[in-house]
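Q: predicted structure and sequence below. I'll ask about it afterward.
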Amino acid sequence: MDKKVYETILNGRKLIVEYGQLAKQAAGSVLVRYGDTVVLVAVTVSDQASENNFFPLTVVFQEKLYSVGKIPGGFLKREGKPSEYATLSARVIDRALRPLFSEDFRNEVQVVINVLAVDNDNDVRIAALFAASLAISISPIPFNGPIAGALVTIDNNDQIIINPTLDELNNGKMELIVAGTRDAINMVEAGCQEISEDLVLAVILKGHNVVKELISFQDQIVKAVGKEKMQVELFSIRPEIQDFVATNYQSALIAAANIASKQERYHQIENINNSALMVYEEKQYKNEKEKKRVMLELNTCLHNVVRDEVRRQITIDKKRLDGRKVDEIRQLTSEIDLLPVVHGSALFTRGETQVMTIVTLGALGENQIIDGITDEEGKRFMHHYNFPPFSVGETRRMGPPSRREIGHGALGEKALAQIIPSEKVFPYTIRLVSEVLESNGSTSQASICASTLALMAAGVPISAPIAGIAMGLVMENDQYTILTDIQGMEDHLGDMDFKVAGSEKGICALQMDIKITGISAEILQEALLAAKKARKIVLANMLATIATPRNQLAPTAPKMKTFMIPIDKIREVIGTGGKVISALIEKSDDVKIDIEDDGQVTIYHKNYESIEKAYQFIKDIVWPAAVGEEYEGKVVKIEKFGAFVNLKEGVDGLIHISKLSDKHVGKTEDIVNLNDLVRVKVLEIDPKGKIKLGLVKIISK
């Protein structure tokens, strides 16, 4: 097949699609060029439906360092596990694509995004999302797309910039990705510098206008090269199973769904389900495959009874599982200083959701080194999130952080980064670890609340306290209900999970995921305003525990002293092969020293005395003497023209014979001799660093 090329303009730059040359055995593949960013997306689909009780979609974001002209670090010199950026990019694309597939479609679909070249001025995530949608749309895979995304920021004058360059993004007050169909928005991810709800909504809608343009471009290509969609067997439940559940278990499941306590509710539903499953376990089947299918249908039917009842209560009765009003927040408690030794700790509880966050402060040199395709080489602020199985009363294998844990940690980090002081103001590396202790709805937002409390308890001078809340949505036909502070089952059985974090002033981060094809601007606006109201209630509870950051660090936290030295003196402080600074650290009780390229020096230690000792050593190197200062020292050398005096280790100055006395001096020895202890005054330091002294008095012979 000959290569076909299609072009459009996106924000003044060419967006080029190439089809028909690469990865031709895939169900669908396209090469997309946006500026000098190039991605190849290939999609495949299995011939048979899986036996899963969900749609098995996998999005793989292949981040290769050759795309930015780098050789991977480490011993193997090849890419290892996905970086955090790759994981988060895959999640963004997955969350945008997934609602556009039928929930009854069970054939496995794999979307592989190969990042071939990256120009950081043309965002690879936007190109990849566009390419993924197009590759699926032209393939035989059933898909209710196309979709597209846009990256948006605002400048300091609140002007909206679509698909900004790297400089525009770095200097902007927001990084927002919006995705959707031509009719509705279905995914939002953003970090904002305390931006108002009205402006955030305007940015989302402006981004959606660009999404519509990109979808029109995809429509042209699909019309030209799109393949006929495959005929698939959608998952369905046979009528006899539906009748069996309705007759024998429906009323019991509805009653169980109304139990307020999460654990009791889940336990009762599980008991009912097990009773139904036991009946079908004893039936005769042709083979194991048929049995698995029947049991899957039965499980799904039982699940649907609970789902339909919960959704009916919310939309018709305006009643929630735990009896709350639709805009009511569960009971809140906040605590600080739970742990000794650590640099800061806090506990935040909202209903049956509980998170403890611990703060650790370190030297700037302990920042995270990033080996990836972005321009970011390291970061000094990290927020990590752990979700152990005991938090939901389960047992399961524990291992490295999952995609979900990485994503939730990153969302919290995105929000909290907006209030973290700059390294010039607070020259520390900051690590937060949020430990989920109990979960029943939006632990990611609880981690933001716990982290804010822990930062203030640790004495980190944050610019403003922030809080987070999760909003939900249940939509049946034209009726919808927005829920404040959703719990786990409302998230699982509802249509939207909309997380909003921010300060009293405005939004710091938001993330919207939905299970339907999209939502309108009106619903989005209503959810934002309800979240603002709830956020203020949560903040009030937090601030009653600690209102402002403490004015001093914990006794166990590293203390620090920051000062500037001349840039041309940095090499002297470090020494050949680091010998000088290594010796200095050893003499100063193993302090930590960071020296920046602009001459900023920061010394860290748990004791101020050790910091001061190191400071004096550096001061002696950088400023060996000051004009007008007086020093005591020994005469170390006698010459006809004067005497050399040792002022401090490695620093000598000359008293010229004319400066030994106000009267005429015949020879140097008439006034001073070797090893005399004298007081001298620095008269001049010439451009070459030579120190000229005047004799003040002889202390001892």
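A: Now that the structure is in, tell me what you want to look at. Numbering: from 1, shown residues only.

Q: so for stretch 269-276, what gets flagged as buried?
A: Across stretch 269-276, burial judged by 16 or more other CB atoms under 10 Å covers 269, 272-273, 276. In short, each C-beta sits where N, CA and C put it, glycine included.

Q: no no, stretch 665-675
A: Residues of stretch 665-675 classed as buried by neighbour count (16+ other CB under 10 Å): 665, 668, 671-672.

Q: what is the end-to-end distance of that stretch?
A: Its first and final residues considered, stretch 665-675 spans 19 Å by CA to CA, to the nearest Å.

Q: report the longest helix in this structure, please.
A: helix 197-225 (DSSP state H).

Q: what about Leu234, how many neighbours?
A: Using other CB atoms under 10 Å, Leu234 has 12 neighbouring residues.

Q: that one belongs to a strand, doesn't it?
A: No: under DSSP: H, G, I helix; E, B strand; the rest coil, Leu234 falls outside any strand and is assigned coil.

Q: just use 337 as the starting number from now, easier for me
A: Noted, 337 is the first residue going forward, which turns the last one into Leu570.

Q: now do the phi/psi pair for it.
A: Main-chain torsions, Leu570, degrees, to the nearest 10: phi -80, psi 150.

Q: go ahead and confirm it touches Phe437.
A: No: the pair Leu570 / Phe437 is not scored as a contact, 10.7 Å apart, by CB atoms under 8 Å.

Q: so for Ser783, what's the pLDDT?
A: With respect to pLDDT, Ser783 has a value of 97.

Q: OK, contacts around it?
A: For Ser783, the contacting residues are 691, 693, 719, 721, 744-745, 748, 770, 772, 804, by CB atoms under 8 Å, 6 or more residues apart in numbering.

Q: quick check: it is in a helix.
A: Yes: per three-state DSSP, Ser783 lies within a helix segment.

Q: ok, for it, nearest residue in space, not its chain neighbours?
A: What sits nearest to Ser783 in space, not counting adjacent residues and going by CB to CB, 6 or more residues apart in numbering, is Ser770, at 3.6 Å.

Q: how about Asp956?
A: Lys984 (5.5 Å).

Q: again with Glu354
A: Nearest one to Glu354, counting by CB to CB, 6+ apart, is Leu367 at 4.2 Å.

Q: my guess is Gln953 contacts Ile921, does it?
A: For residue 953 the amino acid is Phe, not Gln. No: counting by CB under 8 Å, Phe953 stays clear of Ile921, with 9.4 Å between them.

Q: between those two, which one's more packed in?
A: The neighbour comparison of Phe953 against Ile921 (other CB under 10 Å) goes to Phe953, with 22 against 19.

Q: ok, Ile490 - contacts?
A: By CB under 8 Å, 6+ apart, the contact set of Ile490 is 496-497, 508-510, 531, 535, 539.

Q: ugh, wrong one, Thr884
A: Residues counted as contacts of Thr884 (CB under 8 Å, 6+ apart) are Met792.

Q: distance of it relative to Ile1007?
A: Between Thr884 and Ile1007 the distance is 63 Å, computed by CB to CB, to the nearest Å.

Q: ditto for Leu424
A: Taking CB to CB as the measure, Leu424 and Ile1007 are separated by 75 Å.

Q: pretty sure Lys715 sits against Asn703.
A: Yes: the pair Lys715 and Asn703 passes the contact test of CB under 8 Å, sitting 6.1 Å apart.

Q: among the contacts of Ile490, which are in strands?
A: 496-497, 510, 531 (DSSP state E).

Q: tell me which two of these sit farthest apart.
A: Ile497 and Ile531 (13.7 Å; CB to CB).

Q: so Tyr621: helix, strand or coil?
A: coil.

Q: next, count neighbours for it.
A: A count of nearby residues for Tyr621, using other CB under 10 Å, gives 14.

Q: now do the contacts for it.
A: Contacts of Tyr621 (CB under 8 Å, 6+ apart): 627, 630.

Q: that one and Met631, how far apart?
A: The spacing between Tyr621 and Met631, counted by CB to CB, is 10 Å.

Q: then Val377?
A: Look at Val377 and Met631: by CB to CB, they are 36 Å apart.

Q: so if I had to pick from those two, which one is more boxed in?
A: Val377 (29 against 17).

Q: distance check, the more buried one against Ile472.
A: With CB to CB as the criterion, Val377 and Ile472 are 9 Å apart.

Q: okay, and the common contacts of these two?
A: Taking CB under 8 Å, 6+ apart as the criterion, Val377 and Ile472 both touch Val447.

Q: so what's the backbone phi/psi at Ile483?
A: phi -130, psi 170.

Q: can you tell me which residues contact it?
A: Contact analysis of Ile483 by CB under 8 Å, 6+ apart lists 432-433, 436, 465, 469, 515-517, 522, 547, 551.

Q: 7 Å - rerun?
A: By CB atoms under 7 Å, 6 or more residues apart in numbering, Ile483 lies in contact with 432-433, 436, 469, 515-517.

Q: same thing with Lys905?
A: Contacts of Lys905 by CB under 7 Å, 6+ apart are Val958.

Q: you'd agree it is in a helix?
A: Yes: applying three-state DSSP, one finds Lys905 inside a helix.
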